[in-house]
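Undergrad: Sharing a sequence plus its predicted fold:
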Amino acid sequence: MSAAAHGTALDAARAVLGRDLSRAWRRRAEILQPLVFFAITVYLFPLAIGPAEQTLRTLLPAIVWVAVLLSMTLTLPDVFAADHADGSLDLLALSPQPLALLVLTKALAHWLVGAAPLLVLAAAMCAVFGVDAYTLRALMLGLVLGSPVLSLIGALGSALTVGLRGGTLLLALITLPMYIPVLIFGTSAARNASLGLPVEAEMYLLSGLSVLALTLTPWATAAALRARLG
Amino acid sequence: MTAHGPLALVARDLLCIRGDEPVFEGLSFTARGGEIWQIAGANGAGKTSLLRILAGLAPAAGGELFWRERAIAVGAEHLRRDLSYLGHQPGITGFLSARENLVYALRLAGAAPRLDADAALAAVGLGDFLAAPARRLSAGQRQRLALARFVATATPLWIMDEPLTALDAEGRALVERLLDAHARGGGLALVSTHHALAVDPARLRRYEFPARIAA
């Protein structure tokens, strides 16, 4: 095996990533559900708005962003809730490796499983609806820069609600408001792009949010998890 | 990792509160390497709460706790390095095979492996179920799968919450054999169970929770 030496933090993180990904792969029918949910949500809007193609094209980036937020919220219980039910969360918390690194890895797994396929689907759907190339690029770049924040904040919300009754809805209520800054900058980038305006400012802000979430949330998530397990 | 101090878990005046009521208070003991501590007591007496506090998973509401002469707070790193813990839920993922579950737990624990995963699974009687998804295993087989962690690693402190649950006579004998071997090797084990433990009586210590007086 080419894996990092047994007993290192990196090896533990790789074990966590590998486990979450193979668990997702074994339940791929379930993993497809958020994708289908995303597609249906986006397709509801043309039906509701009617055959006003230009309106739809203007609104589509915003619709895609909201649908991405909602679909990613659906998969958040996979981050910690399932592990809490079967006791494997105790094992995670008792690992001698830094818990912040391990929860960061779990957020990465959530992004790979719950966000990356969504982004591909979002790009395909926007192309089908005839969104122009410049807007599409701004939308996708915004999603790529912004969606890690959603997974990281989602992991924090997921840790805060572990083991609570009615945790799934509570989780959405906690995380969705925290998604607002990402939504604002992401949609404003797409809107500017559709008007032919520059989008650098929004991209820098989204990158900044990503870096901020990347550096702060793992520690908060680890602390929340320890508090919830106690 | 460098060793610090003798293998001993010391509790002084521990207090545990659930809701507004104390579950237990004034609990003190010194458990040393080479001993097997059986924690007994009625349902709801606080056995699981105590073991979660000792494992550094939950905070005690009062009192002090030391492992190898260093205080234990929640998530204490020096404790995590030395500990193997078996909780109420054995920590097994149904979608992974028995082998994948064990390898994952071992990589997470990072402790020096004593046996490789397949040998450990064979030692707990799961040699024929290496690739079976864990969700198809019976409750007793899952418990054995959780025990395989204890076979495969050489951590000095074992904390087991009801390890005999769902095990048949042979499985219980396996747990007792493991405990004996662990204590003989100088390790410390704390085990909650109602059953009598057929282990070396010279090493066995019993902590019996006093019956709680209903308010």
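TA: Here it is on my side, so go on.

Undergrad: Now B:Ala189, what are its backbone angles?
TA: When read as degrees, to the nearest 10, the backbone of B:Ala189 gives phi -130, psi 140.

Undergrad: ok, it - how many residues close by?
TA: Residues lying near B:Ala189 (other C-beta atoms under 10 Å in any protein chain shown) number 28. All C-beta atoms are positioned from the backbone trio N, CA, C, and that covers glycine.

Undergrad: mind listing what the nearest residue to it once chain neighbours are set aside touches?
TA: Nearest residue to B:Ala189, sequence neighbours excluded (C-beta to C-beta, 6 or more residues apart in numbering or on different chains): B:Trp158, at 4.1 Å. For B:Trp158, the contact set (C-beta atoms under 8 Å, 6 or more residues apart in numbering or on different chains) comprises B:Leu83, B:Ser84, B:Tyr85, B:Leu86, B:Phe150, B:Leu179, B:His182, B:Gly187, B:Leu188, B:Ala189, B:Leu190, B:Val191.

Undergrad: Please identify which helix or strand holds the second one.
TA: In this case it means B:Ser84. Using DSSP states H and E, B:Ser84 falls within strand B:83-86.

Undergrad: A:Arg19 contacts B:Ser97, doesn't it?
TA: No. In this structure, A:Arg19 is not within contact of B:Ser97 by C-beta atoms under 8 Å, at 11.4 Å.

Undergrad: The two - which one has more neighbours?
TA: Using other C-beta under 10 Å, the more surrounded residue of A:Arg19 and B:Ser97 is A:Arg19, with 25 against 20.

Undergrad: where's the more buried one relative to A:Gly167, distance?
TA: Plainly put, A:Arg19 is 22 Å away from A:Gly167 if you go by C-beta to C-beta, to the nearest Å.

Undergrad: coming back round to it: which helix or strand lies directly C-terminal to the strand holding B:Ser84?
TA: Taking DSSP H and E, what comes next after strand B:83-86 is helix B:98-109.

Undergrad: counting contacts, what elements does that next one pack onto?
TA: helix A:9-26, helix A:88-94, helix B:117-123, helix B:139-152 (3 or more C-beta pairs under 8 Å, 6 or more residues apart in numbering or on different chains; DSSP states H and E).

Undergrad: Indicate whether the longest one makes contact with chain B.
TA: To tie it back to what came earlier, the one meant is helix A:9-26. Yes. Remark: helix A:9-26 sits within contact range of chain B at A:Asp11, A:Ala12, A:Arg14, A:Ala15, A:Val16, A:Gly18, A:Arg19, A:Ser22, A:Arg23, A:Arg26, by C-beta under 8 Å from any C-beta of the partner chain.

Undergrad: Residue of chain A nearest chain B, please.
TA: Residue nearest to chain B within chain A: A:Gly87 (2.8 Å; C-beta to the nearest C-beta).

Undergrad: State which one residue of chain B is found closest to chain A.
TA: Residue of chain B nearest chain A, by C-beta to the nearest C-beta: B:Gln89 (2.8 Å).

Undergrad: Next to chain B, which bits of chain A? Give me the list.
TA: Counting by C-beta under 8 Å from any C-beta, chain A comes close to chain B at A:6-8, A:11-12, A:14-16, A:18-19, A:22-23, A:26-27, A:83, A:85-88, A:90-97, A:99, A:102, A:226, A:229-230.

Undergrad: May I ask you to name the longest helix in chain A?
TA: When chain A is parsed with DSSP state H, its longest helix is helix A:200-229.

Undergrad: Summarise which helices and strands that one is packed against.
TA: So helix A:200-229, by 3+ C-beta pairs under 8 Å, 6+ apart, packs with helix A:88-94, helix A:99-114, helix A:133-160, helix A:180-194.

Undergrad: what's the burial count for B:Arg136?
TA: B:Arg136 has 11 neighbours, counted by other C-beta under 10 Å.
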